Structure formats: C-alpha cells, structure tokens
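Undergrad: Sequence first, predicted model second:
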Amino acid sequence: MAQHWRLLTVGRPKDRAISQMIDEYRMRLGSWQPLDWVVAPEIGYKNGQESETLEREAKAISKHLDPTDFVILLDIDGQQVTSEFLSRQLARYQEQSLAVVFVIGGSLGVASRIRERANWRWSLSSLTLPHALAQLITVEQIYRAFSIIHHHPYHKA
C-alpha cells in the first residue's frame, strides 16, 4: 500500500456538502494513493492584525510538517499546469516514495516562511477562489491525476 499523503488546510469548509465531496474524492483516491486530511485552525483577525494572524497560522501549519515532507503549496503565484502534467509529477513523487503534503493556507494566504518551505508551488488558477472551493478542486485534481495514471475513464480528455 502506498504511503499516505496529506492535505493540510487552514480551516475546513463551512458548507457540509463541500466537505462531503472532498471526502468522496479522498475515498475514490484511496486505492491508488491514500490522502489524509489534516485541518489547522483558521484564526480570525481584525484589520491591522494580518501579519500576526499569518504567523499564528504558520505555527499551526508547521506543527504538521516533518523535515522530510515534500510540500506542495497551493499558491496563486505558483505554477499553473495541465492535469496531464500534474499526473506525471504526482506519479514521480509516488515512485520516489515521497511524503507529499498539499498545503492550502487561510484567507490571507500563508506566511513567507511557509512559502519558502514549499518544494513546489502550484496554482489552480489566476482567479481568486474561495478556500472551500480551492480545497475541493485540489482534491478533485489529485484524483483526476491518478485516474490518468491508472487509465481510468474518469479523465476523458
């Protein structure tokens, strides 16, 4: 069985239906590549407290990262890729037995130290997406990538 990878998010979707969809994709993915979901607390803030909030969230994220983890940060300034490219990348990481952690920060993004810790920065889109939707799209694209790897009909392109 493959090593478990992790989805590390700051906060969980407030909409239960989105959480259920994320769990559905994680379940489908399980036979190919188990994906655990770890939720760091989202910290509320007032104007002027952004840097303090980012630092507190960075501490919460860091608690769940091991030095040997291969960190993929979801970042609007990251690399935009096709599903086929993503499938090749993830297949390579799996073949190398890397402990992959997909990190999705909070509404403010992530502190620079988390950005610097990332091994790869992946952008879903140049558009600004709600965090719950970004979490769902991330898991769906991971599932799609593995459906490509395993020649499953889910990916029809």
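TA: Great, that's in hand. Numbers count the residues shown, from 1 in each chain.

Undergrad: just for this structure, where's the confidence low?
TA: Along the chain, segments meeting pLDDT under 70 span 1-2, 157.

Undergrad: For the residue nearest the centre of the chain, give me its contacts.
TA: Here the mean C-alpha position of the chain is nearest to the C-alpha of Phe102 (Cα atoms, centre = their mean), at a distance of 3.2 Å. Contacts were defined as Cβ atoms under 8 Å, 6 or more residues apart in numbering; by that measure Phe102 touches 5-8, 72, 74, 138, 142. For the C-beta atoms, the positions are set from N, CA and C on the backbone; glycine is no exception.

Undergrad: What residues sit buried inside stretch 148-157?
TA: Of the residues in stretch 148-157, those buried under the neighbour-count criterion (16 or more other Cβ atoms under 10 Å) are 148-149, 155.

Undergrad: From the chain's centroid, how far away is stretch 121-140?
TA: How far stretch 121-140 lies from its chain's middle: 8 Å, per Cα atoms, centre = their mean, to the nearest Å.
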